[in-house]
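Engineer: Task: produce atomic coordinates for the following.
(one chain, ligands or ions: 1)
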Amino acid sequence: MVQVPAVLTVKNLYVYRGGKAVLEDVTFDVGKEFVLVVGPNGAGKTTLFLAVLNLVKYRGEICVEGVCGPERVKRVGYVPQALEVGRDATVWEYVYLPAKFRGIPPEVAKAALEEVGMADLADRPLSALSGGQRQRAAIARALAAGGDILLLDEPLANVDPQGRLELLTLLRELKRGRTILMASHELTLPSDLADKVLLLNRRVVAYGSLDEVLQEEVLSKVYSYVRVAKVGGSYVCVTEDYAHPH
Ligand SMILES: Nc1ncnc2c1ncn2[C@@H]1O[C@H](COP(=O)(O)OP(=O)(O)OP(=O)(O)O)[C@@H](O)[C@H]1O
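Structural biologist: This is a model prediction of the structure:
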């Protein structure tokens, strides 16, 4: 695997929720690259993101270029699975609000809206957006607040095919010069999107290039049914969870 300088490092991470370990001894690092975070339901993908954001109690070390305390969060932008939005807010209000709280000038939020191709929709109420447009607005919000490390929690879920194509194009552009972790249930994605795959199931089951991890014998360690094919420029992976992932 190509070695790139680490931006985000996670070392011996443990998280307990509801009295049980949901992440155990998780260690990996990520440079300026795009990492797909996969694993069955309840594998700990969202919990990993919450720990990076300092939103759950954890044991272990999480650092952004040597900053391991809560200040590291200023570098991290988060796009949650369910977008908590007031439906009356406009795109601009939604995108600029967290940046405003951090004292970031509006120009940065404007540039973020432009980067996701939504500058012309700034005055539109969020309730009038499609699923794909909402995801793009959420990405702009995360970028505007200063996040050059982006944590995207299943951004392709509930997005129609056209929106999906637009999002994939945007994600390819965003990954230049940034660190992106994207949780996904779906493993059928263009192979040039991600640089690496982190296969989680409470622990790190595998971490490596797509060719290394998207293999039936690797994926079958956590999924009950797996078929993988490489078709044209894409991996086509069909998986089914075990009834009890742990
Ligand atoms: N607030 C909570 N209190 C207690 N346990 C929780 C809480 N939130 C999540 N969990 C548990 O933590 C484990 C990991 O959940 P998490 O949401 O991180 O997994 P995930 O991989 O993101 O799952 P999914 O793919 O279904 O979104 C699960 O067993 C879940 O039941």
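
Engineer: contacts for the one helix or strand Ala99 maps to?
Structural biologist: In the assignment (DSSP states H and E), Ala99 maps to helix 91-101. Identification of contacts with helix 91-101 by C-beta atoms under 8 Å, 6 or more residues apart in numbering yields 85, 106, 108-109, 112-113, 118, 121-126, 129, 137, 140-141, 144-146. C-betas here are computed from N, CA, C, even on glycine.

Engineer: Restricting to C-alpha, output that helix in PDB.
Structural biologist: Extracted as PDB, the C-alpha positions of helix 91-101 are listed here (Å, rounded to 0.1, in the frame of the first residue of the first chain):
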ATOM      1  CA  VAL A  91     -29.800  26.700   2.500                       C
ATOM      2  CA  TRP A  92     -27.700  29.700   3.400                       C
ATOM      3  CA  GLU A  93     -28.800  29.800   7.000                       C
ATOM      4  CA  TYR A  94     -28.200  26.100   7.300                       C
ATOM      5  CA  VAL A  95     -24.700  26.200   5.700                       C
ATOM      6  CA  TYR A  96     -23.500  29.400   7.500                       C
ATOM      7  CA  LEU A  97     -24.800  28.800  11.000                       C
ATOM      8  CA  PRO A  98     -22.000  26.500  12.500                       C
ATOM      9  CA  ALA A  99     -19.300  28.600  10.700                       C
ATOM     10  CA  LYS A 100     -20.800  31.800  12.200                       C
ATOM     11  CA  PHE A 101     -20.600  30.200  15.700                       C
END
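
Engineer: now it: mean pLDDT?
Structural biologist: Averaged across helix 91-101, the pLDDT comes to 92.

Engineer: buried set for the helix or strand just after it?
Structural biologist: Counting by DSSP H and E, the element after helix 91-101 in chain order, helix or strand, is helix 106-115. By neighbour count on 16 or more other C-beta atoms under 10 Å, the buried set for helix 106-115 is 108-110, 112-113, 115.

Engineer: What of stretch 11-29?
Structural biologist: 13, 15, 22-23, 26, 28.

Engineer: Would you point out the most distant pair within the residues you listed?
Structural biologist: Using C-beta to C-beta, the buried residues of stretch 11-29 span at most 16.4 Å, a distance reached by Val22 and Phe28.

Engineer: Quick one: name the residues of the chain near the ligand.
Structural biologist: 17-18, 22, 39, 41-47 (C-beta under 6 Å from any ligand atom).

Engineer: now with 5 Å?
Structural biologist: Within reach of the ligand by C-beta under 5 Å from any ligand atom, the chain has these residues: 17-18, 22, 41-47.

Engineer: which among those residues end up buried?
Structural biologist: 22, 43-47.
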